[in-house]
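1. just to be clear, the model below is a prediction. Sequence and coordinates:
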Amino acid sequence: MKLASLLLLLAGFATTTLAGTAPFACNLNAMNREERQRYGVLVQKMRKAQVGQKELANGFEFSIDPKRFSLVELAEWITYESKCCPFLTFGVTVDGGNVRLALTGEKGVKEFLKAELGV
């Protein structure tokens, strides 16, 4: 699952510089030890709950099974992820029983995500 690869990458420290863009860096040091442990649990659970992926103009959208990963857990994951990767923009859409998470950002973020996801 490609979301899992991104989440694991973002859990550590990664820097990618693309031609003509500023580097994007994820910094795990933005979280304390307890937060990193909880974040790791959430990453594993979220990976198992991913049921789809779609490319957007400025990032990617992932479909999440809310029976396997609650909205409360998703909000908690976003809180941690936004600490270490402040250049990402997070969007959550709830439509009936469907939950979608969009990871987007300024110019270069989509390419960063593509490079790190291998898509």
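-> Good, I have the coordinates.
2. could you point out the helix or strand that follows the helix or strand of the chain with the lowest mean pLDDT?
-> Among the helical and strand segments of the chain, the one scoring lowest on mean pLDDT, DSSP states H and E is strand 14-16, with a mean of 42. On the C-terminal side of strand 14-16, the nearest following helix or strand under DSSP states H and E is strand 24-26.
3. list the buried residues of the following helix or strand past that next one.
-> Stepping forward along the backbone from strand 24-26, the first helix or strand reached (DSSP H and E) is helix 33-49. Buried residues in helix 33-49, defined by neighbour count with 16 or more other Cβ atoms under 10 Å: 35, 36, 39, 42, 43, 46, 47, 49. Heads up, the C-betas are built off the backbone N, CA and C, glycines and all.
4. how many residues are close by the nearest residue to residue 27 once chain neighbours are set aside?
-> Nearest-residue entry for residue 27: residue 84, 5.2 Å, with adjacent residues in sequence omitted and distances by Cβ to Cβ, 6 or more residues apart in numbering. Each residue near residue 84 was counted by other Cβ atoms under 10 Å, and the total is 22.
5. kindly report the same for the one 4 residues further on.
-> Burial measure for residue 88: 21 neighbouring residues, criterion other Cβ under 10 Å.
6. verify the stated contact: it with residue 102.
-> No. Taking contacts as Cβ atoms under 8 Å, residue 88 lies outside contact range of residue 102: 9.8 Å.
7. pLDDT weak spots in the chain?
-> 1-23, 116-119 (pLDDT under 70).
8. 50 instead, please
-> Segments of the chain classed as low confidence (criterion: pLDDT under 50) are 1, 4-22.
9. assumed residue 52 was part of a strand.
-> Yes. Checked against DSSP: H, G, I helix; E, B strand; the rest coil, residue 52 lies within a strand.
10. could you dump the buried residues of helix 33-49 to JSON lines with distance to residue 70?
-> As requested, the buried residues of helix 33-49 are exported to JSON lines (distance: Cβ to Cβ, whole Å):
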{"residue": "35", "distance to residue 70": "18"}
{"residue": "36", "distance to residue 70": "21"}
{"residue": "39", "distance to residue 70": "16"}
{"residue": "42", "distance to residue 70": "11"}
{"residue": "43", "distance to residue 70": "15"}
{"residue": "46", "distance to residue 70": "10"}
{"residue": "47", "distance to residue 70": "15"}
{"residue": "49", "distance to residue 70": "9"}
